[in-house]
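Asks: no FASTA, just this:
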């Protein structure tokens, strides 16, 4: 049995644990200083922008589309294994185009997606008015409907991944922090190092593979290994609102425009958010009620019915953005033969988690 230790149990760490639980020869342990689905996962709306991404090709697009495909299979599979429901909106994403946004690139993208086996529909104002009568079209000139994209509840998803992985023998140690990592001595300076133990507040774990999926906690952990990964905190905020009755939209997609999301949660409940606020200097950005109110007003401008909502709760959280390089970071840690990075997913941790898990599996078990 090979010992794999995963540090971090947000959606990425949980997805890796579930993926690796399919390999019988692995003994997998997940360590997290919190309970599952905290930190960056707790600051996610679970909006899965795959086909509607403006990327035409490349690894990031492949990871996005893999995420959509895998969730279509994973969600019913996880519900069957755990007996727990997972909110999974299969009714797509509607992106609003405002103030005469050029549509040429969207027509080009629709053709590319068609050749890739995905659908994008470009709606004019008359089509929007007929299908989504409760939207205010004052600034809206067109919309892009992506029926193949999805939205999932990140917390319920992560908890289901944990439950399913535990049933397959994965060990989870929550409220447990990593306090040290012990590498083996190198034979010579040109050789890669290997880690042999992880010290935690609950004891010492022997390792054959160490997977760092600790979001912003990945930076201090990699610093222990003398290879710090520079991740910067970016704030996300959202507000959970409730209408007396749901918006009469058919279908009921996620509506997005100008980086504001309106996410149906069932009944008259909706998430509105999330803002993206970058740090000033070295300090992490703090929750900003003014910025959140601005997002709410933007959502009301798109859908005036939202002015009648009651606020159920608000949340905020920090997401990890790699400094000076693309997100995410899914690769071996430089200088080490058995340390893998699965971090820095920025705003797309939920969407990219399945492809990340698949890549980590291939690095550990290249069959």
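Replies: Perfect, I can see it now. The shown structure was predicted, so the numbers you read here are calculated from the model rather than taken from an experiment. Numbers count the residues shown, from 1 in each chain.
Asks: any idea how many residues pack against the closest residue to residue 226 other than its chain neighbours?
Replies: Distances taken as Cβ to Cβ, 6 or more residues apart in numbering put residue 335 closest to residue 226, at 7.6 Å, once the chain neighbours are dropped. From N, CA and C alone the C-beta is placed, and that goes for glycine too. Burial of residue 335 is recorded as 14 neighbouring residues (other Cβ atoms under 10 Å).
Asks: likewise residue 52?
Replies: Residues near residue 52, counting by other Cβ under 10 Å, number 25.
Asks: which residues does it contact?
Replies: By Cβ atoms under 8 Å, 6 or more residues apart in numbering, the contact set of residue 52 is 93, 95, 120, 144, 146, 149.
Asks: go again using 10 Å as the cut-off
Replies: 64, 92-95, 106, 109, 113, 118, 120, 144-149, 254, 256 (Cβ atoms under 10 Å, 6 or more residues apart in numbering).
Asks: quick one, helices of the stretch 201-350 of the chain?
Replies: 218-224, 289-302, 349-364 (DSSP state H, counting those that start in this stretch).
Asks: again but with the stretch 51-200 of the chain, I slipped
Replies: Counting by DSSP H, counting those that start in this stretch, the stretch 51-200 of the chain has helices at residues 59-82, 104-116, 125-131, 154-167.
Asks: just how off-centre is the longest one within its chain?
Replies: Translated: helix 59-82. Averaging C-alpha positions (Cα atoms, centre = their mean, to the nearest Å) puts helix 59-82 12 Å from its chain's average.
Asks: so for residue 287, what's the pLDDT?
Replies: At residue 287, the model reports a pLDDT of 76.
Asks: with adjacent residues omitted, what lies nearest to it?
Replies: Nearest to residue 287 is residue 316, by Cβ to Cβ, 6+ apart, at 4.1 Å.
Asks: name the spans of the stretch 101-250 of the chain whose pLDDT lies under the cut-off.
Replies: Applying pLDDT under 70 to the stretch 101-250 of the chain flags residues 185-190.
Asks: could you rerun that using 80?
Replies: 184-190 (pLDDT under 80).
Asks: what about the contacts of residue 52, which are in strands?
Replies: Of the positions in those, 93-95, 144-146, 254, 256 sit in strands, assigned by DSSP state E.
Asks: verify the stated contact: residue 356 with residue 19.
Replies: Yes - contact criterion Cβ atoms under 10 Å: residue 356 and residue 19 qualify, at 9.0 Å.
Asks: those two: who's more crowded?
Replies: Applying other Cβ under 10 Å to residue 356 and residue 19 shows that residue 356 carries more neighbours, namely 29 against 24.
Asks: buried ones among the ones in strands among the contacts of residue 52?
Replies: Buried members of those, scored by 16 or more other Cβ atoms under 10 Å, are 93-95, 144-146, 254, 256.
Asks: ok, residue 295 to residue 316 distance?
Replies: Here residue 295 is placed at a distance of 12 Å from residue 316 (Cβ to Cβ, to the nearest Å).
Asks: got it, and residue 146?
Replies: Between residue 146 and residue 316 the computed distance is 27 Å (Cβ to Cβ).
Asks: same question, residue 183
Replies: For residue 183, the distance to residue 316 (Cβ to Cβ) stands at 37 Å.
Asks: who has more neighbours out of those two?
Replies: residue 316 (22 against 17).
Asks: quick check: buried residues in stretch 86-96?
Replies: 86-89, 91-96.
Asks: and it, end to end?
Replies: Chord length of stretch 86-96, first to last residue, is 27 Å (Cα to Cα, to the nearest Å).
Asks: what do you get for stretch 200-216?
Replies: Stretch 200-216 end-to-end distance (Cα to Cα) = 18 Å.
Asks: now stretch 25-35: how far from the chain's centre is it?
Replies: Centre-to-centre, stretch 25-35 and its host chain are 19 Å apart (Cα atoms, centre = their mean).
Asks: got the buried residues for it?
Replies: So for stretch 25-35, counting by 16+ other Cβ under 10 Å, buried means 26-34.
Asks: nearest to residue 202, of those residues?
Replies: Nearest to residue 202 out of the buried residues of stretch 25-35 is residue 31 (Cβ to Cβ; 8.0 Å).
Asks: out of the ones in strands among the contacts of residue 52, who's nearest residue 45?
Replies: Comparing these against residue 45 with Cβ to Cβ places residue 254 closest, at 8.2 Å.
Asks: does that closest one touch residue 147 like I think?
Replies: No - the pair residue 254 / residue 147 is not scored as a contact, 11.7 Å apart, by Cβ under 10 Å.
Asks: which neighbours do those two share?
Replies: 52, 91-94.
Asks: how about low-confidence regions in the stretch 251-367 of the chain?
Replies: Within the stretch 251-367 of the chain, the segments meeting pLDDT under 80 span 274-288, 367.
Asks: hmm, try it at 70
Replies: Filtered on pLDDT under 70, the stretch 251-367 of the chain yields the residue ranges 275-283.
Asks: do a quick rundown of the strands in it.
Replies: 254-257, 260-266, 269-277, 310-322, 329-332, 339-343 (DSSP state E, counting those that start in this stretch).
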